[in-house]
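>>> The amino acid sequence is not available; the structure is as follows:
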DNA sequence: TTAAATTTTTAGGTAAATCTAAAAATTTTT
DNA sequence: AAAAATTTTTAGATTTACCTAAAAATTTAA
């Protein structure tokens, strides 16, 4: 059994490991809003428990057990987010902090029943995949909007930035999950992207375009 | 803001205060599954925070603030129990432990929306009243089944024992909330009670009868 | 390939919530 | 109203998850 804090470390390491193989102490510290010295302490503890492999000065990787634990926490987090949005009518930019707490409730039965109650959703309100009870989920094949060429089309299926500010901005622009988009122009001057939606034409900055994930349904 | 542990102390003191005015150190220790020395430490802390009034060797009472905090935790606990039973199909004997964790999730918005989602329930699955968002709830006028006389009738509206064993037993006997009962006989020998339900006649021990709460809808 | 910069670890300490053992206060019994 | 029993508190430790400051290892730059 892991403590609340240990679970958060595992989750953080899991997410960081999606980008780099060996997760560094400083990176964990930054993510966890704590100091590198504290991270070293915790890493040792997790290594003793067999949840991470750790070589001094070389960073950590999750063991099989550690990875499974992390995925289970991610599963809970995303299921709770679906609950908050679909059942309690929270906005997609309001759910992160509460889900951050709910993900630590320890009851397998609870999460199985919640999953069923929600209709076994495959993705959370931000388009991130929800692992099933065996920890399995489809590796999603997303393209960043910024990588699309003029004339390309696609559907918004995710975001790679979960800050409330960013999500609120998207909402205001009408760029929500499931929306069909078409790249009508890419501005030479600042790289901003002109997008055609079903009902309107908008312009978004490169910075925004970087964090929108598209499942391309064919070029045009 | 209170810690998880502080919240549990406040809740425990609140429940004990329903029986005695001055709550004793040992009683808290027993309830919290901890040692009296630890309770003394925590009581001092709660007193410093203005949540309890404390006189050495004289036990504690909740302050207004302390009481409000406790009631808020009770509200959360009972709303989550309703959620678990009504939405996730848990049995009434399976919800206590999970609700014990869920009650500490800190989000006013969450609990307001949950309350609404559940249709502003007035009682939890055991018949205990759910405080509204201002902490108000009706003082329920229950009579213990054991206090009824032969020939009396009433409706089961609560239980004063939440152990899984007891609740499972009631379930098996068909003694669930809302059931109409009629006292057809009280056995001289062992004080056990013979009860007529709509569809059958059963006999329950004094011990069981003590913990069933009845709203009497007129004598007969 | 040293020197400088960065990253990571170690050493020693703090606060929260516990504990045990012993002392002090209160209550009950004789 | 003493003595005995019980309850409560104090004193001093322990564990978890932190911290700061300094030392050690690694990486980058000159």
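Great, that's in hand. As the structure is a prediction and not an experimental result, all values here were calculated from the model.
>>> And the residue nearest the centre of chain A?
In chain A, the C-alpha nearest the mean C-alpha coordinate belongs to residue A:128, at 5.4 Å (C-alpha atoms, centre = their mean).
>>> can I see the domain layout of chain A?
With domains defined by automatic domain parsing, chain A comprises A:4-62, A:143-215.
>>> and the longest helix belonging to chain A, which residues are buried?
Counting by DSSP state H, the longest helix found in chain A is helix A:64-82. Within helix A:64-82, the residues that count as buried by 16 or more other C-beta atoms under 10 Å in any protein chain shown are A:66-67, A:69-82. For the C-beta atoms, the positions are set from N, CA and C on the backbone; glycine is no exception.
>>> do stretch A:159-167 as well
For stretch A:159-167, a neighbour-count test (16+ other C-beta under 10 Å) marks A:159, A:162, A:166-167 as buried.
>>> Which of those residues scores worst on pLDDT?
Scanning the buried residues of stretch A:159-167 for pLDDT, the low point is residue A:162. It has 92.
>>> Who are the contact partners of that one?
Residues in contact with residue A:162 (C-beta atoms under 8 Å, 6 or more residues apart in numbering or on different chains) are A:96, A:126.
>>> Repeat that for residue A:63.
Applying C-beta under 8 Å, 6+ apart, the residues near residue A:63 are A:50-53.
>>> Okay, and which of those residues map to strands?
A:52-53 (DSSP state E).
>>> and the contacts of residue A:63, which are buried?
Buried, going by 16+ other C-beta under 10 Å: A:51-52, out of these.
>>> Quick check: residues of chain A near DNA strand D?
A:3-6, A:32, A:34-35, A:37-38, A:41-42, A:45, A:56-57 (C-beta under 7 Å from any atom of the strand).
>>> need the residues of chain A near chain B, please.
Applying C-beta under 8 Å from any C-beta of the partner chain, one finds that chain A approaches chain B through A:84, A:87-90, A:94, A:97-98, A:101-102, A:105-107, A:109-110, A:113-114, A:117.
>>> how does it look with 7 Å?
Residues of chain A lying close to chain B by C-beta under 7 Å from any C-beta of the partner chain are A:87-89, A:98, A:101-102, A:105-107, A:110, A:113-114, A:117.
>>> how about low-confidence regions in chain A?
A:217-220 (pLDDT under 70).
>>> Check whether residue A:131 sits in a helix, strand or coil.
Secondary structure for residue A:131, judged by DSSP: H, G, I helix; E, B strand; the rest coil, is coil.
>>> hmm, back to that, of the buried residues of stretch A:159-167, closest to residue A:204?
residue A:166 (11.4 Å; C-beta to C-beta).
>>> Which strands or helices does the longest helix of chain A pack on?
helix A:4-17, helix A:96-102, helix A:108-117 (3 or more C-beta pairs under 7 Å, 6 or more residues apart in numbering or on different chains; DSSP states H and E).
>>> just to revisit the earlier point, of all the domains of chain A, which one comes closest to DNA strand C?
If you check each of those against DNA strand C by C-beta to the nearest atom of the strand, domain A:4-62 wins as the nearest, at 3.1 Å.
>>> what about that closest one, near DNA strand C?
Yes. With C-beta under 7 Å from any atom of the strand as the criterion, DNA strand C is reached by domain A:4-62 at A:24-27, A:36-37, A:39-41, A:43-44, A:54, A:56-59.
>>> among these, who's most crowded?
residue A:39 (24 neighbours; other C-beta atoms under 10 Å in any protein chain shown).
>>> Is it correct that it falls within a helix?
Yes. Counting by three-state DSSP, residue A:39 is found in a helix.
>>> got a list of what it touches?
Residues in contact with residue A:39 (C-beta atoms under 7 Å, 6 or more residues apart in numbering or on different chains) are A:25, A:28-29, A:32.
>>> okay, these in a markdown table with secondary structure and distance to residue A:213 next?
Shown next, in a markdown table, are those (DSSP: H, G, I helix; E, B strand; the rest coil; distance: C-beta to C-beta, whole Å):
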| residue | secondary structure | distance to residue A:213 |
| --- | --- | --- |
| A:25 | helix | 29 |
| A:28 | helix | 25 |
| A:29 | helix | 28 |
| A:32 | helix | 25 |
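>>> Between those, identify the one with the most neighbours.
residue A:28 (22 neighbours).
>>> That residue against residue A:11, yeah?
No. The criterion here is C-beta atoms under 7 Å, and residue A:28 misses it with residue A:11 at 10.8 Å.
>>> list the contacts for the spatially closest residue to residue A:76 that is not a sequence neighbour?
Leaving out its chain neighbours, the residue that sits closest to residue A:76 by C-beta to C-beta, 6 or more residues apart in numbering or on different chains is residue A:103, at 4.3 Å. Residue A:103 makes contacts with A:73, A:76-77, A:80, as judged by C-beta under 7 Å, 6+ apart.
>>> what secondary structure does the closest residue to residue A:21 other than its chain neighbours sit in?
Nearest in space to residue A:21, with sequence neighbours left out and distances taken as C-beta to C-beta, 6+ apart, is residue A:61 at 6.8 Å. Secondary structure for residue A:61, judged by three-state DSSP, is strand.
>>> Residue A:61 and residue A:53 touch, don't they?
Yes. Between residue A:61 and residue A:53 a contact is recorded at 5.1 Å, counting by C-beta under 7 Å.
>>> what sits against the closest residue to residue A:66 other than its chain neighbours?
Of all residues not flanking residue A:66 in the chain, residue A:51 sits nearest, at 3.6 Å (C-beta to C-beta, 6+ apart). Residue A:51 makes contact with A:10, A:62-63, A:65-66, A:69, according to C-beta under 7 Å, 6+ apart.
>>> again, 6 Å this time
Neighbour list for residue A:51: A:63, A:65-66 [criterion: C-beta atoms under 6 Å, 6 or more residues apart in numbering or on different chains].
>>> With residue A:214 instead?
A:143, A:145, A:154.
>>> Neighbour-wise, which one of those residues leads?
For these, the largest number of neighbours (other C-beta under 10 Å) sits with residue A:145, at 25 neighbours.
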